[in-house]
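K.L.:
okay, here's the prediction I keep looking at, along with the sequence it came from:
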Amino acid sequence: MAIVQMRHDTEGRAYYRRKFAAGKTPMEAIRCLKRRLSDAVYKQMIKDAVFARTGPGRHVGTTLQSSVADPIPMVDTSEQSLPGPAEQLPRTPLLAAP
């Protein structure tokens, strides 16, 4: 992710250049960029986890009346088993090589 940020004209590239101009070696500047990106990803994961615990609309869980907890659907005719065993068809004999 850091390398892609450095290839394109992004905030990550500007950050890398600032660190390099501040006297960091190229590897140290990349390490700083990686840390910055990982911190941003971690903060977003924490926000998502808080949101996931409550769900959209800030409701916790589902109720028995919700569409997610509907009873088991009835078996449709297309899901019924076949009335008997499959019909055996004769095989075409293999021809011997001349």
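P.N.:
In hand now; what should we look at? Only a predicted model underlies this, so the values are computations on that prediction, with no experimental measurement involved.
K.L.:
for the protein, longest helix please?
P.N.:
helix 26-54 (DSSP state H).
K.L.:
flag every buried residue along that one.
P.N.:
29-30, 32-33, 36-37 (16 or more other C-beta atoms under 10 Å). All C-beta atoms are positioned from the backbone trio N, CA, C, and that covers glycine.
K.L.:
please apply the same query to stretch 5-20.
P.N.:
In stretch 5-20, counting by 16+ other C-beta under 10 Å, buried: 5-6, 12-13, 15-16, 19-20.
K.L.:
closest one of the residues you listed to L94?
P.N.:
Q5 (62.2 Å; C-beta to C-beta).
K.L.:
closest to L94 out of the buried residues of helix 26-54?
P.N.:
L37 (62.9 Å).
K.L.:
quick one on the thing from earlier: adding pLDDT and secondary structure, write the buried residues of stretch 5-20 out as JSON lines.
P.N.:
As requested, the buried residues of stretch 5-20 are arranged in JSON lines below (pLDDT from 0 to 100; DSSP: H, G, I helix; E, B strand; the rest coil):
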{"residue": "Q5", "pLDDT": "86", "secondary structure": "helix"}
{"residue": "M6", "pLDDT": "86", "secondary structure": "helix"}
{"residue": "G12", "pLDDT": "92", "secondary structure": "helix"}
{"residue": "R13", "pLDDT": "93", "secondary structure": "helix"}
{"residue": "Y15", "pLDDT": "94", "secondary structure": "helix"}
{"residue": "Y16", "pLDDT": "93", "secondary structure": "helix"}
{"residue": "K19", "pLDDT": "95", "secondary structure": "helix"}
{"residue": "F20", "pLDDT": "95", "secondary structure": "helix"}
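K.L.:
tabulate those residues (CSV), appending distance to P90.
P.N.:
Putting those into CSV (distance: C-beta to C-beta, whole Å) gives the following:
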residue, distance to P90
Q5, 66
M6, 68
G12, 69
R13, 71
Y15, 74
Y16, 73
K19, 77
F20, 78
